[in-house]
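J.: Predicted model and sequence follow; I will ask about them next.
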Amino acid sequence: MSSHAHQQSHSHGHDHTVCIADALAAAESHCHATGAKLTPIRRRVLELIWQSHKPAGAYDLLAQLGGDGQKVAPPTVYRALDFLVEQGLVHRVESLNAFIGCTEPGHAVQQEIFICRQCGVATEINDPELGNRIQQDARALGFQVERQTIEVVGVCRDCRAL
């Protein structure tokens with residue numbers, strides 16, 4: 001089975017500023033290509049989501065924006081999150097009611113998210129074989145898939161090594 005990990009490890013020595021810069025550049029490029037408008041607030045919310053590889057909740061984001069000195073109402077954050085999800089720039093982690101960044105903006109509607117219950121880091125994997133199998137099963141049922149997220153909770157390699 002082939003798969004591709006999209007999130008970086010949170011190991012020591014990991015330069016997270018590179019993740020943020022790459023994510024913002026990819027988002028700007030994607031929005032330019034699709035004609036979507038990455039407004040300053042949308043960009044800032046995306047940047048805050050990328051501050052760590054741990055899923056961020058809407059109220060955490062709201063508090064961080066307040067820490068920036070910005071007065072932002074909750075609906076503004078929710079609208080920004082809706083835009084970012086629609087554009088494939090972030091993924092919603094349903095079980096945590098939170099969001100993680102996506103390094104391949106606009107990629108397929110399918111993803112597998114592995115969540116470490118100890119450190120909270122979420123890692124996205126895109127396994128085409130698994131996605132194809134789910135599509136085959138859906139066709140057999142006459143079911144049209146709009147979005148699919150598989151969330152797996154466990155303990156990551158780094159936490160297991162402690």
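T.: Right, received. Where do you want to start?
J.: Find me the pLDDT at residue 36, would you?
T.: At residue 36, the pLDDT value in this model is 95.
J.: err, residue 115, not the other one
T.: Confidence score, pLDDT, at residue 115: 96.
J.: how far away is it from residue 95?
T.: Residue 115 sits 7 Å away from residue 95, taking C-beta to C-beta, to the nearest Å as the criterion. Bear in mind the C-beta positions are built from the backbone N, C-alpha and C, glycine included.
J.: Name the residues contacting each of those two.
T.: Each of 151, 153 lies in contact with both residue 115 and residue 95 under the rule C-beta atoms under 8 Å, 6 or more residues apart in numbering.
J.: More neighbours: the two, which one.
T.: Taking neighbours as other C-beta atoms under 10 Å, residue 115 and residue 95 compare with residue 115 leading, 21 against 13.
J.: ok, that one - contacts?
T.: 55, 93, 95-96, 121-122, 151-154.
J.: hmm, which of those residues are the buried ones?
T.: 55, 93, 96, 121-122 (16 or more other C-beta atoms under 10 Å).
J.: Just name whatever secondary elements the longest helix along the chain is in contact with.
T.: Determined from DSSP state H, the single longest helix within the chain is helix 16-34. Judged by 3 or more C-beta pairs under 8 Å, 6 or more residues apart in numbering; DSSP states H and E, helix 16-34 is in contact with helix 40-49.
J.: pLDDT on the first helix or strand past the helix it packs on going along the chain, on average?
T.: Sequence-wise, the next helix or strand downstream of helix 40-49 (DSSP states H and E) is helix 58-67. What helix 58-67 shows for mean pLDDT is 91.
J.: same question, stretch 136-148
T.: Averaging pLDDT along stretch 136-148 yields 92.
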